[in-house]
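Peer 1: what follows is a predicted structure for the sequence shown.
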Amino acid sequence: MNILFLRPRQSGLPVALLLALSLPAGAQSTEPAAQKSAPAADSGTAKVPFAGLDLTWVNGQNRQRDFPLQFKDAAGETVLTGTVLLDSYFNYNFARPLDHTQTISATTGRAQEFSLNLASAGIETTYKNVIGRLWVQTGSMLHVVQETDGSVLRGRNTGTGNLKFIREAAAGYHFNKAYGLNVELGIFMSYIGLESYVLQENWSYQRSLVCDFTPFYFQGARVQFYPSRRLKTELWLMNGWQTYNSFNRRPAVGQSTYFRPSENLQVAANFYYGNDSRPAPDSAAIGARAYPNVVRFHHDHSVVARYYHKPRTGSLRGITQAAFSLNNHFGFQSGDGLRARDNFMLGSSLAHRLWFAQNTLAFTTRVGFVKNPSRYLSFSPSAVGFTDADASRLTAKEATLTLDFMPSDFVTFRAEYLHRSANVPYFAGPGGTTSPSGYADQPLPAGWQPDLRTYENRAIFSLNVRL
């Protein structure tokens, strides 16, 4: 078989299959071909889900329209699509924590330093109905996401040592039923929440609190079904909540539905149900009795609407697009002495975005809050010397301003200011959260406590490149 390097083509069954397979599987799914929607006129008789819809403006989606790293066979059918992503930032925390540790964020792990947040490369194929996808990754974000997976402590032959470098890997098959039926097994980006694991896809760099506190990946199986041109529904079977392995004795289940009646509106609803609690380290129980009977339920729904835009074929001066997104979350844990009214998560994030100057500039404002008594989802501000007494009442709020300069679909320069506050001391102060000197190997003096404040102010400057 001869393989050629060509530009993407947009007609025939291969495009229908490519769209059915790689249109976003959820808020944080990042398959690159997702946004290369075929024009409705080119789809012929093929049943192409979401055909003709420009979704590049949607919060949490890739804005690329062209994918240059695409390989085709001699007949012109796509064999492989490649993608390369580099994301770096400088995060300035006005508290100037001594240890340069940025707390309460799965987006940025360091402050007052230049950081390579994510470097990722991947390939995917939909050749002859066969689904294959492999994305590898490295960068500082892995330390605050993948390396915190506690399920690897259960038994042997586990660990994040190798798996943390895989952002997504899946194999499956596409069945030509209705507008598409896909069955896949592997490691996937999470379908929970609106904002993406890949920060280039979001309207803001620092994710909202509700999205930062929810999963970024799952290991398991999924079935995607497109019953009509405007609707997608998914069923999931997973090891657990952002885990490579399982914490308990039962798998988790999930469901996701996306409805796009037009290219200006997206409505989504997601559900999760699992048993994600582990035996206490000091438990004297033996065997199955050691595993808590605690269930976790989580639901989020979102509306993303574009209420103004100028056609790309006309004048693109001044304001060219305007849109908003609303993402709401509710969840709880209950069982074995835990009551849902004391162990719940409630939160919301509302963002508004304006595009200017031929869509090369964009300005986003965002506000949000999260309430998480018992803190079963929220981050701990310090690994040492921190007590949960006050933080069990946690309520936090945020406001963010973001300016993007996008000279091409492949490059984003971003400047962002954010303010967050909480009803209890929760954010790092000048003394940091590691030790008196800021180094993790320093013995802690008796009575030392992390320096925590009820608010934080930060400025983030980032650059990302994606092909």
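Peer 2: Ah, there it is. Residues are numbered from 1 along each chain as shown.

Peer 1: surely Ser115 touches Asn91?
Peer 2: Yes - using C-beta atoms under 8 Å, Ser115 is in contact with Asn91, at 7.1 Å. To be clear about C-beta, it is placed using only N, CA and C from the backbone, and glycine gets the same treatment.

Peer 1: overlap of the contact sets of those two?
Peer 2: Thr108 (C-beta atoms under 8 Å, 6 or more residues apart in numbering).

Peer 1: the two: which is more packed in?
Peer 2: Using other C-beta atoms under 10 Å as the criterion, Ser115 and Asn91 rank with Asn91 on top: 25 against 20.

Peer 1: which SS class is the more buried one?
Peer 2: strand (DSSP: H, G, I helix; E, B strand; the rest coil).

Peer 1: so it bridges to which residues?
Peer 2: Asn91 has the following beta-bridge partners by DSSP bridges: Ile460.

Peer 1: and it, what is it in contact with?
Peer 2: For Asn91, the contact set (C-beta under 8 Å, 6+ apart) comprises Gln102, Thr108, Arg110, Ala111, Gln112, Glu113, Ser115, Arg458, Ala459, Ile460.

Peer 1: residue ranges in the stretch 51-200 of the chain under the pLDDT threshold?
Peer 2: Regions of the stretch 51-200 of the chain meeting the criterion pLDDT under 70 are absent.

Peer 1: do that again at 80, thanks
Peer 2: Along the stretch 51-200 of the chain, segments meeting pLDDT under 80 span 159-161.

Peer 1: tell me where it has strands.
Peer 2: Using DSSP state E, counting those that start in this stretch, the strands of the stretch 51-200 of the chain run over 70-73, 78-93, 114-125, 130-138, 166-175, 181-189.

Peer 1: for Tyr417, find the nearest of those.
Peer 2: Closest to Tyr417 of the strands of the stretch 51-200 of the chain is strand 78-93 (C-beta to C-beta; 9.7 Å).

Peer 1: how about the closest one as PDB, C-alpha atoms only?
Peer 2: Output of strand 78-93 as PDB, limited to C-alpha atoms (Å, rounded to 0.1, in the frame of the first residue of the first chain):
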ATOM      1  CA  THR A  78      -7.300   8.800   5.000                       C
ATOM      2  CA  VAL A  79      -5.000   6.300   6.700                       C
ATOM      3  CA  LEU A  80      -3.600   8.300   9.700                       C
ATOM      4  CA  THR A  81      -4.100  11.700  11.100                       C
ATOM      5  CA  GLY A  82      -1.300  13.100  13.300                       C
ATOM      6  CA  THR A  83      -1.300  16.000  15.900                       C
ATOM      7  CA  VAL A  84       1.400  17.800  17.800                       C
ATOM      8  CA  LEU A  85       0.600  20.000  20.800                       C
ATOM      9  CA  LEU A  86       2.900  22.200  22.900                       C
ATOM     10  CA  ASP A  87       1.500  24.300  25.800                       C
ATOM     11  CA  SER A  88       3.600  26.500  28.100                       C
ATOM     12  CA  TYR A  89       2.900  29.200  30.700                       C
ATOM     13  CA  PHE A  90       4.200  31.700  33.200                       C
ATOM     14  CA  ASN A  91       1.900  31.900  36.300                       C
ATOM     15  CA  TYR A  92       2.400  34.900  38.500                       C
ATOM     16  CA  ASN A  93       0.800  34.500  42.000                       C
END
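
Peer 1: and Asp81, how far from Asn182?
Peer 2: No Asp there; residue 81 is Thr. 16 Å (C-beta to C-beta, to the nearest Å).

Peer 1: same deal with Val304?
Peer 2: Going from Val304 to Asn182 by C-beta to C-beta gives 23 Å.

Peer 1: next: Leu153.
Peer 2: For Leu153, the distance to Asn182 - C-beta to C-beta - is 33 Å.

Peer 1: please apply the same query to Phe324.
Peer 2: From Phe324 to Asn182 the distance is 31 Å (C-beta to C-beta).

Peer 1: just want to know which of those two has more residues nearby.
Peer 2: Regarding Phe324 and Asn182, a neighbour count based on other C-beta under 10 Å identifies Asn182 as having more, with 25 against 18.

Peer 1: hang on, the more buried one packs against Ile131?
Peer 2: Yes - judged on C-beta under 8 Å, Asn182 makes contact with Ile131 at a distance of 6.4 Å.

Peer 1: how about the helices in the stretch 151-300 of the chain?
Peer 2: Under the criterion DSSP state H, counting those that start in this stretch, helices of the stretch 151-300 of the chain are mapped to 209-212.

Peer 1: chain center to stretch 262-270: distance?
Peer 2: Mean C-alpha position of stretch 262-270 versus that of the full chain (C-alpha atoms, centre = their mean, to the nearest Å) differs by 17 Å.

Peer 1: residues in contact with that stretch?
Peer 2: 26-27, 52-55, 58, 191-194, 254-260, 299-307, 309.

Peer 1: buried subset of those as a ChimeraX selection?
Peer 2: To isolate the buried ones among those in ChimeraX, judged by 16 or more other C-beta atoms under 10 Å, type:
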select :26,27,53,55,58,191,192,193,194,254,256,258,260,299,300,301,302,304,306,309
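
Peer 1: partners of Ala415 in the sheet?
Peer 2: Beta bridges link Ala415 to Leu403, Phe461 when assigned by DSSP bridges.

Peer 1: isn't it up against Thr364?
Peer 2: No - at 11.2 Å, Ala415 and Thr364 do not qualify as touching, with contact defined as C-beta under 8 Å.

Peer 1: low-confidence ranges in the stretch 301-450 of the chain?
Peer 2: Ranges of the stretch 301-450 of the chain meeting pLDDT under 80: 312-316, 383-392.

Peer 1: the helix or strand that Tyr307 is a member of: how far from the chain's middle?
Peer 2: In the assignment (DSSP states H and E), Tyr307 maps to strand 295-309. Centroid separation for strand 295-309 versus its chain: 13 Å, with C-alpha atoms, centre = their mean.

Peer 1: who are the packing partners of it?
Peer 2: Here strand 295-309 touches strand 265-274, strand 319-334, going by 3 or more C-beta pairs under 8 Å, 6 or more residues apart in numbering; DSSP states H and E.

Peer 1: parallel or antiparallel, list what pairs with it.
Peer 2: In the sheet, strand 295-309 lines up with strand 265-274 (antiparallel), strand 319-334 (antiparallel) (DSSP bridges).

Peer 1: export those to JSON lines and append columns for distance to Lys397.
Peer 2: As requested, these are exported to JSON lines (distance: least, C-beta to C-beta, whole Å):
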{"stretch": "strand 265-274", "distance to Lys397": "23"}
{"stretch": "strand 319-334", "distance to Lys397": "15"}
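
Peer 1: having no further points to raise, I will conclude here.
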